[in-house]
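Engineer: Attaching a predicted model along with its sequence, questions to come.
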Amino acid sequence: MSNRVALLTIVSREVLRFMRIWLQTLLPPVVVTALYFIIFGNLIGPRIGRMDGFDYSQFIMPGLVMMAVITNSYSNVVSSFYSAKFHRSIEEMLISPMPGYLILLGYTLGGVLRGLVVGVLVMAVALLFTELRVEHVWITVIIVVLTATLFSIGGFINALFAKSFDDISIVPTFVLAPLTYLGGVFYSIDMLSPFWRQISLANPILYMVNGFRYGILGVSDIGIGIAIGLIVVMVLLAFGVALALLERGVGIRS
Amino acid sequence: MTDRALSIEGLRKTYSNGFQALDGIDLDVERGDFVALLGPNGAGKSTTIGIICSLITKSAGSVKVFGMDIERQRSRVRRCIGLVPQEFNFNIFEPVEEIVLNQAGYYGIPRREARRRTAAALQRMGLWEKRRGSARELSGGMKRRLMIARALVHEPQLLILDEPTAGVDLEIRRSMWEFLRETNRSGVTIILTTHYLEEAESLCDKVAIIDHGKIVEHGMVSDLIGKLDMETFVLNTSAPLRRAPVLGDYPVRLLDSRTLEVEISRRHSINMLFERLSVQGIQVLSMRNKANRLEELFLRLVDRGGR
């Protein structure tokens, strides 16, 4: 009972936080996605032609949604948890009877919810530019929730180690952005040479983008079972690492 | 639960940079006590509090709160403790009411009950009118009171305040003293650190003085003050003096033409001092302690060198 109350407190506080500052949290991904559709979908897309049997704007739509979900779930947790460290309001939770896993779960759910809200908004924008028909609803939902969970936990780990605001922008800028752009958002890896195709297979985001594309369009460069299995393993690993770091007090207890 | 609110044995803390903050602290606090933890800056007060409240990891020793070990029974221990830290540690952008309400939530208090307790705590601290505004709009004194309201919302049995009146004006400080006395009378054990020794002497029945990570004195305030073998008084004379008078066993210094500073040991009476002054034709208009008695003891006990 009391753990449920504590968990709901963190989650509702996180949701209130990103809703209160919607101009910084919800609007930018909508604007950016609209620009992607205008430029890549409507202007350049017709010259590229069809990809995997779909219009280019239809092909890139799942990747763009996934890109927004990944970025927003990650940045929600990394900025919120690091701010709590910075303001020292993290101490409010550390002195409370809440177990560590509950703190981690609360922040993760907050990040997942932001990722899902942004994902829905971006999909709504996509409908203005292209037709949308979801082929496999449950696979779509599973992939998007698992991906948002993974990157929320990733944001939490980043925030634990961060010592300055610079430290929370390094991973999104220099790791997440390149991996996402090279993760098959804008192209099929079948277009690549065998060497670069093999390199691309080492990129975990490729599996998430393709899994989500399979859920929506029914096509993928990767087997759906492999994609889901890999993401589940990564979620479990990341949760274990984050919890161990939290229990050891890394970055939060001296 | 035992009658001992806090029991610390052999507590040591060495930070990762090699600095040894605590060097074997032993301290017992009985249920219902009002204890002042005193010491110069860097003596180890905040580290001790941080360890009791699970914000700092101890290197060695044991800490028990109401007989429960802070590591083995951490969830139960944390329910018993309320902390008012030295630094503001809330999100200044959050509304005042939400800060207290969320704290109640972290302790698992259901929303309806949390709202009732939050309203009571904010009213008690005079912050009810400010509840909808963000915390950054509060004055320094109000922010301190917000932290007290937040620390009390889960009704702790042990309240720890780390310099709660620092930077607070006299009027608010007095009202906070009254509030703390009332809280202590209701059965809550209070541990307080402060730099205002007058505050410690006025509020607390026991005092522990910590220096270089060790407890150098611990006991009833009245017993400790009784250990003072020398007190310094400042006397104002009716007529100006050209030099300090010679008063035999009473070391004296002329601070300015109408002010004398005299040290009086417990072996000598104040009456005798006045007799000697009178013989030399010196009339005293007023007299006061140079320092608060606890302050005098404190200064004699702690090593101020190198700080």
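Structural biologist: Good, I have the coordinates.

Engineer: and the closest residue to chain A within the stretch 151-300 of chain B, what is it in contact with?
Structural biologist: Going by CB to the nearest CB, chain A is nearest to residue B:154 of the stretch 151-300 of chain B, at 8.2 Å. C-beta: built from backbone N, CA, C; applies to glycine. Residues near residue B:154 by CB atoms under 8 Å, 6 or more residues apart in numbering or on different chains: B:79, B:82, B:103-104, B:107, B:109, B:117.

Engineer: One more pass at 7 Å, please.
Structural biologist: Counting by CB atoms under 7 Å, 6 or more residues apart in numbering or on different chains, residue B:154 touches B:79, B:82, B:104, B:107, B:109.

Engineer: State the number of residues packed around residue B:249.
Structural biologist: Burial of residue B:249 is recorded as 12 neighbouring residues (other CB atoms under 10 Å in any protein chain shown).

Engineer: that's a strand at it, yeah?
Structural biologist: No - read with DSSP: H, G, I helix; E, B strand; the rest coil, residue B:249 is coil and lies in no strand.

Engineer: okay but it is in contact with residue B:267, surely?
Structural biologist: No - counting by CB atoms under 7 Å, residue B:249 stays clear of residue B:267, with 8.1 Å between them.

Engineer: in which helix or strand would I find residue B:201?
Structural biologist: Using DSSP states H and E, residue B:201 falls within helix B:197-203.

Engineer: Would you mind measuring from the residue of the stretch 151-300 of chain B closest to chain A to residue B:127?
Structural biologist: Distance, residue B:154 to residue B:127, by CB to CB, to the nearest Å: 17 Å.

Engineer: and if you look at residue A:153?
Structural biologist: From residue A:153 across to residue B:127, the span is 37 Å (CB to CB).

Engineer: the more surrounded of the two?
Structural biologist: A direct count of neighbours by other CB under 10 Å for residue A:153 and residue B:127 places residue A:153 higher, at 29 against 22.

Engineer: List the buried residues in the lowest-mean-pLDDT helix or strand in chain B.
Structural biologist: Among the helices and strands of chain B, helix B:293-301 carries the lowest confidence by mean pLDDT, DSSP states H and E, at a mean of 72. Within helix B:293-301, the residues that qualify as buried are B:293-298, counting by 16 or more other CB atoms under 10 Å in any protein chain shown.

Engineer: what residues are up against the single nearest residue of chain A relative to chain B?
Structural biologist: Using CB to the nearest CB, the closest approach of chain A to chain B is made by residue A:2 at 2.4 Å. By CB under 7 Å, 6+ apart, the contact set of residue A:2 is residue B:108.

Engineer: Check which helices and strands the biggest helix by length in chain B sits against.
Structural biologist: In chain B, assigned by DSSP state H, the helix with the most residues is helix B:170-185. Judged by 3 or more CB pairs under 7 Å, 6 or more residues apart in numbering or on different chains; DSSP states H and E, the packing partners of helix B:170-185 are strand B:189-193, helix B:197-203.

Engineer: Determine which stretch of those is the most buried.
Structural biologist: Across the helices and strands packed on helix B:170-185, averaging neighbours per residue (mean count of other CB atoms under 10 Å in any protein chain shown) puts strand B:189-193 on top, at a mean of 24.

Engineer: can you state the direction angle for it and helix B:170-185?
Structural biologist: Angle, strand B:189-193 to helix B:170-185, by axes from the mean of the first three to the mean of the last three CA atoms, to 10 degrees: 150 degrees.

Engineer: So is strand B:189-193 next to chain A?
Structural biologist: No - judged by CB under 7 Å from any CB of the partner chain, strand B:189-193 and chain A are separated, with a smallest distance of 14.4 Å.

Engineer: buried stuff in the longest helix of chain B?
Structural biologist: By neighbour count with 16+ other CB under 10 Å, helix B:170-185 contains the buried residues B:172-173, B:176, B:179-180, B:183-184.

Engineer: How is residue A:173 assigned, secondary-structure-wise?
Structural biologist: Three-state secondary structure (criterion: three-state DSSP) places residue A:173 in helix.

Engineer: any idea of the pLDDT on the nearest residue to residue B:105 once chain neighbours are set aside?
Structural biologist: Sequence neighbours aside, residue A:9 is the residue nearest to residue B:105 in space, at 2.8 Å (criterion: CB to CB, 6 or more residues apart in numbering or on different chains). Listed pLDDT for residue A:9 reads 96.

Engineer: check which helix or strand covers residue A:9.
Structural biologist: Secondary structure assignment for residue A:9, by DSSP H and E: helix A:2-20.

Engineer: C-terminal to that helix, what's the next element?
Structural biologist: helix A:22-25.

Engineer: Secondary structure element for residue A:147, which one?
Structural biologist: For residue A:147, the element it lies in under DSSP H and E is helix A:137-161.

Engineer: Check which residues of that helix are buried.
Structural biologist: Going by neighbour count (16+ other CB under 10 Å), the buried part of helix A:137-161 is A:139-140, A:142-160.

Engineer: can you pull out the strands in the stretch 51-200 of chain B?
Structural biologist: For the stretch 51-200 of chain B, applying DSSP state E, counting those that start in this stretch gives strands covering B:60-65, B:68-69, B:81-84, B:158-162, B:189-193.

Engineer: Now render those strands as a markdown table, adding mean pLDDT and distance to residue A:93.
Structural biologist: Compiled in a markdown table, the strands of the stretch 51-200 of chain B are given as follows (pLDDT from 0 to 100; distance: least, CB to CB, whole Å):
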| stretch | mean pLDDT | distance to residue A:93 |
| --- | --- | --- |
| strand B:60-65 | 95 | 19 |
| strand B:68-69 | 95 | 20 |
| strand B:81-84 | 95 | 12 |
| strand B:158-162 | 95 | 17 |
| strand B:189-193 | 94 | 22 |
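
Engineer: which regions of chain B lie under the pLDDT threshold?
Structural biologist: B:1, B:226-228, B:291-293, B:303-307 (pLDDT under 70).

Engineer: Show me the helices in it, by range?
Structural biologist: B:45-52, B:74-80, B:96-106, B:111-124, B:140-152, B:170-185, B:197-203, B:221-226, B:270-279, B:293-301.

Engineer: nearest to residue B:236, of those?
Structural biologist: Nearest to residue B:236, of all these, is helix B:270-279, at 12.0 Å by CB to CB.

Engineer: residues in contact with that closest one?
Structural biologist: Under CB under 7 Å, 6+ apart, the answer for helix B:270-279 is B:247-248, B:250, B:262, B:264, B:284.

Engineer: and what of stretch A:99-114?
Structural biologist: Residues contacting stretch A:99-114 (CB under 7 Å, 6+ apart): A:3, A:6-7, A:10-11, A:14-15, A:18, A:25, A:72-73, A:76-77, A:80-81, A:93, A:145, A:148-149, A:152-153, A:155-156, A:242-243, A:246-247.

Engineer: now stretch B:50-66
Structural biologist: By CB under 7 Å, 6+ apart, stretch B:50-66 touches A:91, A:94-95, A:249, A:253-254, B:1-2, B:5-14, B:47, B:69-70, B:74, B:77-78, B:80-81, B:83, B:157-158, B:160.

Engineer: Stretch A:143-153 too?
Structural biologist: By CB under 7 Å, 6+ apart, the residues outside stretch A:143-153 that reach it are A:66, A:69-70, A:73-74, A:77, A:107-108, A:111-112, A:115-116, A:119, A:208, A:211-212, A:215, A:228, A:231-232, A:234-235, A:238-239, A:242.

Engineer: Mind telling me which residue of chain B is nearest chain A?
Structural biologist: Closest residue of chain B to chain A, CB to the nearest CB: residue B:108 (2.4 Å).

Engineer: Could you pull up the residues touching that residue?
Structural biologist: By CB under 7 Å, 6+ apart, residue B:108 lies in contact with A:1-3, A:5-6.

Engineer: go again using 10 Å as the cut-off
Structural biologist: Residues counted as contacts of residue B:108 (CB atoms under 10 Å, 6 or more residues apart in numbering or on different chains) are A:1-7, A:9, A:96-98, A:102, B:75, B:79, B:114, B:154.

Engineer: Is residue A:36 in contact with residue A:126, as I believe?
Structural biologist: Yes - with contact defined as CB atoms under 10 Å, residue A:36 counts as touching residue A:126 (9.5 Å).
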